[in-house]
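1. Everything below, folded, please.
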Amino acid sequence: MIFPFNRLQMRFYLRSARSLNKKKPTPPKELYTLLETYSFPGNIRELEFMIFDAVSGHRSKMLSLDTVMAYINREQDILKTAIKIEPERNIYVTFGDKLPTIKQSTQMLVVEAVKRANGNLTIAASMLGISQQALSKRIKGENLEFRQKL
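-> Next up is the predicted model:
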């Protein structure tokens, strides 16, 4: 589900801050990219909850990404479990007549994740379920040149 993130998020930040008697935190620029990579299967209330939860736990002027990333990671874990239970319902990948090699598949996944994360390796790594360091090592080791493709 696609939302007009900036305006909607600002409204939710203000509403959350008022209800918690806090000053509105400054969201980091990475937050918009992170939220744009998440599909929000729950709907707009899920976005509102995520922001409320992040604002309720924030302690400094800049809002931390930790709460939002933890929420998204929990949801991804649930999705991974669902895929393990019903692998025949996996709608995420379609193959042609010739299957790509494991190496080609991995490279395509890395390039797509980095593209969706607008070049932010921390967010891309989170999408792939690996650490940022592991993603950087993989990019360097395989000499991926995704930066020109972005």
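
2. now the helix or strand harbouring Y32, how far from the chain's geometric center?
-> Here Y32, judged by DSSP states H and E, is contained in helix 29-36. Chain-centre distance of helix 29-36: 8 Å, with CA atoms, centre = their mean, to the nearest Å.

3. Counting by contacts, list what it packs against.
-> On a contact count with 3 or more CB pairs under 8 Å, 6 or more residues apart in numbering; DSSP states H and E, helix 29-36 meets helix 5-19, helix 66-85, helix 121-128. From N, CA and C alone the C-beta is placed, and that goes for glycine too.

4. now the ones you listed as CSV including distance to A54, mean neighbour count and mean pLDDT?
-> Below are these laid out as CSV (distance: least, CB to CB, whole Å; neighbours: other CB atoms under 10 Å; pLDDT from 0 to 100):
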stretch, distance to A54, mean neighbour count, mean pLDDT
helix 5-19, 8, 15, 83
helix 66-85, 4, 13, 68
helix 121-128, 15, 21, 86
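
5. Relative to Y32, which of these is closest?
-> Taking CB to CB, helix 5-19 is the member of the helices and strands packed on helix 29-36 nearest to Y32, at 5.7 Å.

6. which residues touch stretch 46-55?
-> The contact list for stretch 46-55 (CB atoms under 8 Å, 6 or more residues apart in numbering) reads 3, 8-9, 12-13, 15-17, 19-20, 22, 24-25, 35, 40, 42, 63-64, 67-68, 71.

7. and the gap between F95 and S105?
-> Computed with CB to CB, to the nearest Å, the distance linking F95 and S105 is 10 Å.

8. So those two - more neighbours on which side?
-> Shown here are F95 and S105; by other CB atoms under 10 Å, S105 has more neighbours (13 against 8).

9. re the thing from before, tell me the angle of whichever helix or strand comes after the helix holding Y32 relative to helix 5-19?
-> Sequence-wise, the next helix or strand downstream of helix 29-36 (DSSP H and E) is helix 44-57. Inter-element angle recorded for helix 44-57 and helix 5-19: 50 degrees (by axes from the mean of the first three to the mean of the last three CA atoms, to 10 degrees).
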